[in-house]
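Asker: sequence and predicted structure are below.
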Amino acid sequence: MIEKEVTVRNRAGIHARPAALIVQTASQYAAHIEFKKDHETINAKSIMGIITLGASYNSSITIAADGEDEEEAVESLVRLFENRFEED
């Protein structure tokens, strides 16, 4: 299992478009991927889970992945956050 903490840097937070990008990216990997925020844990391959996470600007999220391609999965998701979901 691998974990990495990221911060939401786009001003609008995680809304429908970034959530769709996250799910599309996470779904490319066989690993089980979760997002953890505060005391809530959701499946990163669930668009409803991502949206209901309520991650606004400057929120911290822990990405956790477990499986054969866990490192690649986490790296891809971290890049999405670092690139602000290509919005800003």
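Answerer: Noted; the coordinates are in hand.
Asker: now name the helix or strand holding Ala20.
Answerer: Counting by DSSP states H and E, the element that carries Ala20 is helix 16-26.
Asker: isn't Ile50 right up against Phe35?
Answerer: Yes. Between Ile50 and Phe35 there is a contact under Cβ atoms under 8 Å: 6.9 Å. C-betas here are computed from N, CA, C, even on glycine.
Asker: which residues are in contact with both of the two?
Answerer: 42, 44 (Cβ atoms under 8 Å, 6 or more residues apart in numbering).
Asker: re earlier: which helices and strands does the helix holding Ala20 pack with?
Answerer: Packing partners of helix 16-26 (3 or more Cβ pairs under 8 Å, 6 or more residues apart in numbering; DSSP states H and E): helix 47-52, helix 70-82.
Asker: for it, buried residues please.
Answerer: In terms of neighbour count (16 or more other Cβ atoms under 10 Å), helix 16-26 has its buried residues at 18-19, 21-23, 25-26.
Asker: nearest to Ser76, of those residues?
Answerer: Nearest to Ser76 among those: Thr25, at 5.2 Å, using Cβ to Cβ.
Asker: show me the contacts for the closest one.
Answerer: Neighbour list for Thr25: 76-77, 80 [criterion: Cβ under 8 Å, 6+ apart].
Asker: re the thing from before, mean neighbour count, distance to His39 and mean pLDDT added to the helices and strands packed on helix 16-26, as TSV?
Answerer: Shown next, in TSV, are the helices and strands packed on helix 16-26 (neighbours: other Cβ atoms under 10 Å; distance: least, Cβ to Cβ, whole Å; pLDDT from 0 to 100):
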stretch	mean neighbour count	distance to His39	mean pLDDT
helix 47-52	16	14	96
helix 70-82	17	21	98
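Asker: no further queries at this time; thank you.
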